[in-house]
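>>> what follows is a predicted protein model with its sequence.
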Amino acid sequence: MTDRHESCEATRDVMGLLISSDATVPDLAAARDHLAGCAPCRGYLKRMQEDELRLRDFASSHEPRIEELELQAVNA
């Protein structure tokens, strides 16, 4: 395994935390440094961000139905 590959792997391991804003300051700094010089990882992050938006849209589109089901369960 190359140093570059290890760096990509480490960065990808924290990308979910980057998206959710739960990354630690050292992880964030290391990931930003790596992303500045790694186009494949930037692409990977972009796809993760797009997936996150799709999931949020999906969840919010179902929120009224979930609230309705919760209300039915409470009133049952």
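Sure, I can see it. Numbering: from 1, shown residues only.

>>> ok, which stretches of this protein are strands?
Applying DSSP state E to the chain gives no strands.

>>> using neighbour counts, pick out the buried residues of the lengthiest helix in it.
Criterion DSSP state H: the longest helix present in the chain is helix 39-75. Going by neighbour count (16 or more other C-beta atoms under 10 Å), the buried part of helix 39-75 is 41, 44-45. Heads up, the C-betas are built off the backbone N, CA and C, glycines and all.

>>> which elements pack onto that helix?
Counting by 3 or more C-beta pairs under 8 Å, 6 or more residues apart in numbering; DSSP states H and E, the packing neighbours recorded for helix 39-75 are helix 3-19, helix 25-37.

>>> mind running it again at 6 Å?
helix 3-19 (3 or more C-beta pairs under 6 Å, 6 or more residues apart in numbering; DSSP states H and E).

>>> just the angle between the helix it packs on and helix 39-75, please?
Inter-element angle recorded for helix 3-19 and helix 39-75: 30 degrees (by axes from the mean of the first three to the mean of the last three C-alpha atoms, to 10 degrees).

>>> related to what we said a few turns ago, between the buried residues of helix 39-75, which sits nearest residue 62?
residue 45 (26.2 Å; C-beta to C-beta).

>>> the closest one contacts residue 15, correct?
Yes - counting by C-beta atoms under 6 Å, residue 45 touches residue 15, with 5.5 Å between them.

>>> quick revisit: give me the mean pLDDT for the longest helix of the chain.
Averaging pLDDT along helix 39-75 gives 89.

>>> how far does that helix sit from the chain's center?
The chain centre lies 12 Å from the centre of helix 39-75; the measure is C-alpha atoms, centre = their mean, to the nearest Å.

>>> please apply the same query to stretch 66-76.
Counting by C-alpha atoms, centre = their mean, stretch 66-76 comes out at 30 Å from the chain centroid.

>>> please save the CA atoms from it in PDB.
What follows is stretch 66-76, C-alpha atoms only, in PDB (Å, rounded to 0.1, in the frame of the first residue of the first chain):
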ATOM      1  CA  ILE A  66     -44.100   9.600   9.400                       C
ATOM      2  CA  GLU A  67     -45.700  12.300  11.600                       C
ATOM      3  CA  GLU A  68     -49.100  10.900  10.600                       C
ATOM      4  CA  LEU A  69     -48.100   7.400  11.500                       C
ATOM      5  CA  GLU A  70     -46.700   8.500  14.900                       C
ATOM      6  CA  LEU A  71     -49.900  10.300  15.700                       C
ATOM      7  CA  GLN A  72     -52.000   7.300  14.800                       C
ATOM      8  CA  ALA A  73     -49.700   5.100  17.000                       C
ATOM      9  CA  VAL A  74     -50.200   7.500  20.000                       C
ATOM     10  CA  ASN A  75     -53.900   7.700  19.500                       C
ATOM     11  CA  ALA A  76     -54.300   3.900  19.100                       C
END
